[in-house]
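Peer 1: Build me a structure from this.
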Amino acid sequence: MIQQKMCAAALATSVALLGQTGQAQSLIEDKKATSGSTDVAAEGFQRGEGPAELAPANETSISLMAGFALTSGNTENINLTGGGDVKLRRDMDKFRAALFANYARGIPAGSTESVPTAENFQGLLRYGRLLTEQFEIFVQVSGRRDYFQNLDLRLNVDPGLGYYFINQEKQHLNFELGYDLQYDMREQGAVDPAAGVYATDTRHQLRAAGHYDNSMSENISIETDLEYLQGFEDVSYIAGDGTNATGLPFRINWATVLSARIASKFQMAAGFTLRYDHTPVVPKNLDTITSLSLVYTLQ
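Peer 2: Model prediction:
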C-alpha cells in the first residue's frame, strides 16, 4: 500500500530558536507535518516502526510535507519547510529514507532589511532487522548542513539495539541503546584554534533513547520521544557568559506531538521540540520549537 501525505500548511506558532539555532541534532525529528516541524538529522533519534506483526509484511509509505508561516505588523517573518519521507517494510527488514529543508527570514528590530534566521538541510537513511517480537538491531546514517550552527556538514552514524516493552495495538513503549559517531565539518568563519574550535571534529558518544505513543481514541493521539547522548572526552565550548571553557559533553533532546482528527482526511497537530547541548559551539545551549500543522492525507 502506498500512502501519500501532504501538509496543506504548517503554521509555526513560535519558532523560538533560543540560542544555538539548530543545535543538538539527534536524529530527533522536530515533529513534522503529522507531528510538528521538520528535522531528521542528528546524533541519533529515529525509532523503529515496531514489531513485524503490527504491520503488513510488505508495506510502502510515502509522505510529502510542505508548510509556511507568515507574520506581518510589528514583526515581519516568513518560515518555509518541506521534504519527503519513504518507508519500506519487507518481512523482517525495514528501510527508511528522508530529506527535509527549513528556511526562514525576518526583519530585526530597528532595521529595514530582512536577513535569514534559519537555514538547514537534512537527510537520513536507516535499516532495521527484527530479531524477535521485542528485539531489533539497526543502523542509521544522517547528515545535516546548518548555516546558523556554523556547520558545513554534520555526519552521524548510529548502530544500536531496540527493545519493545509495551506492544499493543493502540499503545507502544520502546527503548534504544547504541553508539553514535559524529563527524563535523565547520564553516571557516567559525574556526578558532586558540579556543579549541577546529575545522573538523569527531566525537564518540553513548546514545540512549525512548519512545511512547498512545492512540487515546479514533480522533486523538499523542507521541513523545526522549534522547540522551553522552560523550567520553572533554571538548572546548563557549560558556553562557561568552568565555571559552572545556567539559564533558552531553545532550538531551525531547520532542512531543498531540494530533486531533478534524475530518476524515484532515488532522491538526501541535508539536514541541526541546534541545539542550551542554557544550555548544555558540553561547546559548537551549533551542525550542513550537508548531501547529494542518495535514491532509490521501490513501
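
Peer 1: show me where the stretch 101-250 of the chain has helices.
Peer 2: Secondary structure of the stretch 101-250 of the chain, counting by DSSP state H, counting those that start in this stretch: no helices present.

Peer 1: What is the neighbour count of the closest residue to residue 208 other than its chain neighbours?
Peer 2: Setting aside the residues directly before and after it, residue 208 is nearest to residue 228 in space (CB to CB, 6 or more residues apart in numbering), at 5.0 Å. Where you see a C-beta, it was placed from the backbone N, CA and C, and this is true even at glycine. Number of residues near residue 228 (other CB atoms under 10 Å) recorded here: 17.

Peer 1: so residue 228 touches residue 210, yeah?
Peer 2: No - distance between residue 228 and residue 210: 9.0 Å, which falls outside the contact criterion (CB atoms under 8 Å).

Peer 1: show me the contacts for residue 199.
Peer 2: Taking CB atoms under 8 Å, 6 or more residues apart in numbering, we find residue 199 in contact with 185, 186, 188, 191.

Peer 1: okay, these in TSV with pLDDT next?
Peer 2: What follows is these, written out as TSV (pLDDT from 0 to 100):
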residue	pLDDT
185	88
186	83
188	76
191	74
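
Peer 1: For residue 204, state which of the residues you listed is nearest.
Peer 2: Within the contacts of residue 199, the smallest distance to residue 204 is 17.1 Å, found for residue 185 (CB to CB).

Peer 1: contacting residues around the closest one?
Peer 2: Applying CB under 8 Å, 6+ apart to residue 185 gives the contacts 151, 152, 153, 154, 199, 200.

Peer 1: Relative to residue 161, which of these is nearest.
Peer 2: residue 154 (23.7 Å).

Peer 1: Quick check: bridge partners of the closest one?
Peer 2: Beta bridges link residue 154 to residue 144, residue 184, judged by DSSP bridges.

Peer 1: Next one: it from residue 180, what distance?
Peer 2: Between residue 154 and residue 180 the distance is 11 Å, computed by CB to CB, to the nearest Å.

Peer 1: now do residue 117
Peer 2: 28 Å.

Peer 1: ok, the two, which is more surrounded?
Peer 2: With other CB under 10 Å as the criterion, residue 117 and residue 180 differ in neighbour count, and residue 180 comes out ahead with 26 against 18.

Peer 1: Just the C-alpha atoms of stretch 175-191, please, in CSV.
Peer 2: Extracted as CSV, the C-alpha positions of stretch 175-191 are listed here (Å, rounded to 0.1, in the frame of the first residue of the first chain):
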residue,chain,number,x,y,z
PHE,A,175,13.9,1.9,24.1
GLU,A,176,17.1,2.1,22.1
LEU,A,177,20.7,1.8,23.2
GLY,A,178,23.7,2.2,21.0
TYR,A,179,26.8,4.0,19.8
ASP,A,180,27.0,7.4,18.0
LEU,A,181,29.8,8.5,15.8
GLN,A,182,29.6,12.2,15.0
TYR,A,183,31.8,14.0,12.4
ASP,A,184,31.6,17.8,12.0
MET,A,185,32.9,20.0,9.2
ARG,A,186,32.6,23.6,10.3
GLU,A,187,32.4,26.8,8.3
GLN,A,188,35.8,28.6,8.1
GLY,A,189,34.4,31.6,9.9
ALA,A,190,33.7,29.6,13.0
VAL,A,191,37.2,28.0,13.2
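
Peer 1: What are the buried residues along it?
Peer 2: Counting neighbours by 16 or more other CB atoms under 10 Å, one finds that the buried residues in stretch 175-191 are 175, 176, 178, 180, 181, 182, 184, 186.

Peer 1: With distance to residue 206 added, can I get those residues in TSV?
Peer 2: What follows is the buried residues of stretch 175-191, written out as TSV (distance: CB to CB, whole Å):
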residue	distance to residue 206
175	13
176	12
178	8
180	7
181	11
182	12
184	18
186	23
